[in-house]
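Turn this into a structure:
(chains A and B)
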Amino acid sequence: DGGITQSPKYLFRKEGQNVTLSCEQNLNHDAMYWYRQDPGQGLRLIYYSQIVNDFQKGDIAEGYSVSREKKESFPLTVTSAQKNPTAFYLCASSIVLTGKSNQPQHFGDGTRLSIL
Amino acid sequence: AQSVTQLDSHVSVSEGTPVLLRCNYSSSYSPSLFWYVQHPNKGLQLLLKYTSAATLVKGINGFEAEFKKSETSFHLTKPSAHMSDAAEYFCVVSEPTGGFKTIFGAGTRLFVKA
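Sure thing, here's the model as predicted:
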């Protein structure tokens, strides 16, 4: 079955450490997204990519970085510059960029990041 | 400006009774509207979408939503709640601007009592 795989499911970070969250999709989607979810809040967009080797900052990109070297992969790095990284991180994809069509986003099961 | 408001942060119903989750939106365009469901520690699953075809949209698991342009609303309903419906629900609006203009509501937590 096609879908989005996020790993690991749980991740712990020490102060001053960078960590990378994995997101892989086999849906052949062009667009991919990273969201952050905090308790009681909706999803906030970190980065998005509408095609390989292209990505754009979202609303809360500071302290995060991404790459899109392959169509199926969109890893997110949480850097030490992100002062409050504890959150649930969701990766999503869509056939083309939402807003260019009415195509919905498909989501992975998330990675929960905590600070040690 | 584009916005989406879920009018209730929590809704509690008894099993077998109707569910109503309310969503109002604001958009300068003819938006696409979506409802997603999220179970604990899981990703979001698409329930249904409105894309300017029929105003009454049927989704999975017996849910449906009605697009009312005059009221700028897209409320989610289900005739009879099941225990497995207990989850968080998100209303999402997306504008066809060619770029990326998608906003998620803050979510409504649905509790279902036995």
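
Excluding sequence neighbours, find me the nearest residue to the residue of chain A at minimum distance from chain B.
In chain A, the residue that lies nearest chain B is residue A:107 (3.4 Å; CB to the nearest CB). C-beta here means a position set from N, CA and C on the backbone, and glycine is covered the same way. Spatially, and ignoring its direct neighbours in sequence, residue A:107 is nearest to residue B:43 (3.4 Å; CB to CB, 6 or more residues apart in numbering or on different chains).

Could I get the pLDDT score of that neighbour?
Listed pLDDT for residue B:43 reads 93.

List the contacts of it.
The contact partners of residue B:43, by CB atoms under 8 Å, 6 or more residues apart in numbering or on different chains, come to A:4, A:6, A:90, A:92, A:107-110.

bridging residues for the residue of chain A closest to chain B?
Per DSSP bridges, the residues bridged to residue A:107 are residue A:92.

count of residues packed around it?
23 (other CB atoms under 10 Å in any protein chain shown).

if I pick it, what's in contact with it?
Counting by CB under 8 Å, 6+ apart, the residues that residue A:107 touches are A:4, A:90-92, B:36, B:43-45.

Hmm, residue B:113 and residue B:11 touching each other?
No: distance between residue B:11 and residue B:113: 11.3 Å, which falls outside the contact criterion (CB atoms under 8 Å).

Excluding chain neighbours, give the residue nearest to the residue most central in space within chain A in space.
Most central in chain A under CA atoms, centre = their mean is residue A:34, positioned 2.5 Å from the mean C-alpha point. Using CB to CB, 6+ apart and skipping the chain neighbours, the partner closest in space to residue A:34 is residue A:46 (4.3 Å).

Fine by me, we can end here.
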